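1. predicted model and sequence below, questions to follow.
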Amino acid sequence: MENRRGKGLSFARRIYKPRIIGLGIGCISVIGALYPLAMPGWVWAFLLFNGYIWAHVAYQIAARSEFPYQAEQRNLLYDSLFGGFWTAATQFTPLTAVTILSMMTMNNVAAGGKRLFLRGLLAQGAGMAVACALFGFKFNPNVSLTQVYTCLPMLTLYPMAIGMVCYQLAIKLSEHKRALSALSRIDSLTGLLNHGSWKDLLNLKFHKCQQQQGQATIALIDIDHFKQINDTHGHIVGDAVLRQLSQELRLHLRENDLAGRYGGDEFCVILPQMPLEEAARVMEHMRETFGNYRNPQIPELRVSLSIGLADFQPFFSDAAMWLNAADRALYAAKDTGRNRVNISDYAVVTSA
């Protein structure tokens, strides 16, 4: 409910400034057509209220409403109702009528699409009917120079205001799209790349190494006996261990290194432009540091890592072969006692 209210308030704020501009300069257009007519004082008072006070009243109505979006939709219909009223009150003078109705229609389409457009037409019709009931139906086909000048601000400034709002909305949508795209690539628990994103980057790095004869090393990391940690101490403790490992990766890796959560308790790292020996030193240091992790609530908990390393080799036919080499190294580390860093045996890879 609070989220829906926040979205409704955001919608009302987007409408607020364009409404101030539109009604303010629209009032000038109506004055130009209304001035030659003998209208009672209350009409002029109502015009000033509609032109320079209503925008603020409408915003307060929406802001104080339990459902701001619905309240603002009603306010837009009131805008159309008033627009229809002034169209008929100015005796359907062509330039003024077209200016008011077209700007109102543009506003409704921009704010609510086809549905608000149709409802707005009905509201405009209702406003015309009220004005005709009060002043009678009259049509004045003459367009004076005064009307031309008083309509110019509405025809130039208001479309600019609507265009600016649409532009700002497009920028926000683009930012949200980028944010969602980034979130879709990130593992929510650790903040690292997720499985699919990391493998996509591995393919890119593989082809780059192929084309440029570059070097890179990948590491597959497994938390030893992680299932036992979950079974014994619970998933909250297990999640804390996963987050600790992701933090260690951030501390030990360079800015251009790519770390991801491969799945469950397995992590993966791409180390561009790093020789195998240097990668082994980095991973060994990280293994030792991670082994010092202690959970304040469970001081007896001990953690360790098994790590498999493989650097890029020209004979790899694809990224999967490179990943398989690191995977074999990881399982060799686990089979020979765990809590160690192991380098791929390429003789096994090529014969496989």
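-> Structure received.
2. only C-alpha atoms for contact and neighbour calcs from this point on.
-> Fine.
3. does Lys334 touch Ser304 like I think?
-> No: using Cα atoms under 8 Å, Lys334 makes no contact with Ser304, being 11.1 Å away.
4. once you drop chain neighbours, what's closest to Asp257?
-> Once flanking residues are discounted, Asp257 sits nearest to Leu271: 5.1 Å by Cα to Cα, 6 or more residues apart in numbering.
5. please apply the same query to Phe82.
-> Gly127 (6.0 Å).
6. surely Pro7 and Glu72 touch.
-> For residue 7 the amino acid is Lys, not Pro. No: with contact defined as Cα under 8 Å, Lys7 does not reach Glu72; the gap is 11.5 Å.
7. neighbours of Asp79, how many?
-> Residues lying near Asp79 (other Cα atoms under 10 Å) number 25.
8. flag the shaky bits of the stretch 1-150 of the chain, pLDDT-wise.
-> Residue ranges of the stretch 1-150 of the chain with pLDDT under 70: 1-6.
9. mind listing the helices for it?
-> 2-34, 41-52, 54-64, 68-89, 94-135, 145-184 (DSSP state H, counting those that start in this stretch).
10. list the helices and strands the first one packs on?
-> Using 3 or more Cα pairs under 8 Å, 6 or more residues apart in numbering; DSSP states H and E as the contact test, the elements touching helix 2-34 are helix 41-52, helix 54-64, helix 68-89, helix 94-135, helix 145-184.
11. hmm, back to that, winner for burial among the helices of the stretch 1-150 of the chain?
-> helix 68-89 (a mean of 23; mean count of other Cα atoms under 10 Å).
12. hmm, back to that, TSV please, covering the helices of the stretch 1-150 of the chain and showing distance to Asp239.
-> What follows is the helices of the stretch 1-150 of the chain, written out as TSV (distance: least, Cα to Cα, whole Å):
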stretch	distance to Asp239
helix 2-34	28
helix 41-52	58
helix 54-64	41
helix 68-89	40
helix 94-135	45
helix 145-184	19
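13. ramachandran coordinates for the most far-flung residue of the chain relative to its centre?
-> Within the chain, the residue lying farthest from the chain centre (Cα atoms, centre = their mean) is Ala38, at 53.5 Å. In terms of degrees, to the nearest 10, the main-chain angles of Ala38 are phi -90, psi 90.
14. contacts only, for the closest residue to Arg19 other than its chain neighbours.
-> The spatially closest residue to Arg19, leaving aside those adjacent along the chain, is Ala55, at 5.9 Å (Cα to Cα, 6+ apart). Contact analysis of Ala55 by Cα atoms under 8 Å, 6 or more residues apart in numbering lists Tyr16, Arg19, Ile20, Leu23.
15. can we see that at 10 Å?
-> 15-24, 49, 61, 75, 79 (Cα atoms under 10 Å, 6 or more residues apart in numbering).
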